[in-house]
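Q: Below are the sequence and a predicted model; questions follow.
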Amino acid sequence: MNRATRTVIVKSTRLPRKVFSVFIELEGMYRNMVEQLAMYAVSSGITSFTRLKALKYRELRKQYPHLPSHYAYTACQDASTRAKSFLKLKKKGLTDREYPEIRNVTIWLDDHLWRINGLTSISIATHKGWVVVEFEPHKQYWRYINRGWRLASEAKIKLDRKEKRLIIYLVFKKEVEEYSPKGYLPVDINENSVALLVDGVAYLFETDVEKLVLGYYYRRRRIQEKYDKLYGVKSRTKRKALRKLKERNRKLDIKWKLANIVVRAAYEKHYTIVLEKLGKNPPGNMIKKFKDKQLRHRIYQASFKGIQKAIEEKARELGVPVFYVDPKYTSKLCPTHNAEITYNGSRIGKCSKGNELWHRDVVACWNLFFKALGGDGSIAPSPLGLLPVDGSPMPLGSTATHDPTVVKKPLWARWKSLDATNKNKSISTSI
């Protein structure tokens, strides 16, 4: 049984001035508690919520007797999370500060501090009593409500002072059972493409992340050069211009759409998704041999593990099993002859034994598939008759399995299924 969680953000209706002033006072007291607790936790080296609560709860109750007692609990949770993150950064030498700086405050609520009223309003416990807040539901909210998701006991609120609204973070949960898999669907993630193997057919979904990253890299550099000369390095105008860039949103759009395509393909066929086990810091290990700053930046921005995490989240939502295998030599060995493949500066390589040509991403998918068949991540032998390779010296012969179906980005971004995209005449099947 797997538990999937999703956070949905909704905005409240505009609040009257008196009601909004109650939440301004509440935020001020909550901020003071978090600042006090975070400084104490860092100076004492405490990262445990229960220990921090045991040491500081009574002191907080004396300071804020008119505030509901469970705000002391949630403030301890918030502060311990901040202290744990700050101490990790300090251990790695990534910060020179003595204590964490509390800039933005989001008020944490547990099941004693809020409750849902119907479907479009919540009640929040404050120092002035319970306050009812109406919110504006949207399509995503109704989707989770109507698909069997249930609200969790925790929630968060943040103040929007310009519009006098509350930004409400609602958490939905769902228990999902994993099905018994009937096969494997290997997925190979690269900078400009994501390849998957479905019933012996390789699909190559182009992402064009390199163009996206470099485009925003040059735009950011032009903005910095322009505003640094006019207003200085730490100018507010420059920060505003940089915030208008939509690089993060575009990357998230690519990531979640691809995850949806992969997981739904596996769910429809009751397959297990096979991914590479990349480790804790794959970009850091990849850039060791490169000195080019631009290339290092591209590798960090490619977000290989981010796409894997998105696939995991979607798979957990539908009960699709995910299996990890060792990525060693997945793109260097021929899956038919277990011999080395030589590449001459392109993604097409030749098997040193059979002389057939392979696309690098297709090789990786087949080798991931065979490693999954091994069960423990080891290299499994190729089953006889599984790969219909003709072995001809022609590039990508007619019966070869190494000819991928290339799906251009405008096509898969339309949310079409694999069968629908395969019938589309504009798909290129040649390298």
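A: Happy to help now that I have it.
Q: all helices for the protein, in order.
A: Using DSSP state H, the helices assigned to the chain run over residues 17-44, 49-63, 70-91, 139-146, 209-231, 236-243, 247-269, 282-286, 293-301, 304-318, 360-374, 409-412, 418-423.
Q: Please name whichever of those helices is nearest to residue 107.
A: Nearest of these to residue 107, taken as CB to CB: helix 17-44 at 5.2 Å. Glycine gets a C-beta too; all of them are placed from N, C-alpha and C.
Q: okay, and for the stretch 251-400 of the chain, where does confidence drop off?
A: Where the stretch 251-400 of the chain drops to pLDDT under 70, the residues are 375-400.
Q: can we see that at 90?
A: Filtered on pLDDT under 90, the stretch 251-400 of the chain yields the residue ranges 278-306, 317, 326-339, 342-359, 373-400.
Q: thinking residue 329 is in contact with residue 364, fair?
A: No: using CB atoms under 8 Å, residue 329 is not in contact with residue 364; the gap is 9.8 Å.
Q: can you list the domains in this structure?
A: 2-176, 183-423 (automatic domain parsing).
Q: could you dump the ones you listed to JSON lines with mean neighbour count?
A: Output for these, formatted as JSON lines (neighbours: other CB atoms under 10 Å):
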{"stretch": "domain 2-176", "mean neighbour count": "16"}
{"stretch": "domain 183-423", "mean neighbour count": "17"}
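Q: Residue 277 contacts residue 330, doesn't it?
A: No: using CB under 8 Å, residue 277 and residue 330 do not qualify as a contacting pair, with a distance of 10.9 Å.
Q: Give the residues shared as contacts by the two.
A: Residues touching both residue 277 and residue 330 (CB atoms under 8 Å, 6 or more residues apart in numbering): none.
Q: picking up where we left off before, could you dump the helices of the chain into CSV and include distance to residue 191?
A: Below are the helices of the chain laid out as CSV (distance: least, CB to CB, whole Å):
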stretch, distance to residue 191
helix 17-44, 38
helix 49-63, 39
helix 70-91, 28
helix 139-146, 30
helix 209-231, 6
helix 236-243, 24
helix 247-269, 12
helix 282-286, 10
helix 293-301, 7
helix 304-318, 8
helix 360-374, 11
helix 409-412, 14
helix 418-423, 22
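Q: The ones you listed: which one's closest to residue 199?
A: Of these, nearest to residue 199 by CB to CB is helix 247-269, at 7.6 Å.
Q: what angle separates the closest one from helix 209-231?
A: 160 degrees (axes from the mean of the first three to the mean of the last three CA atoms, to 10 degrees).
Q: just the angle between helix 247-269 and helix 304-318, please?
A: Going by the same axes, to 10 degrees, helix 247-269 makes 50 degrees with helix 304-318.
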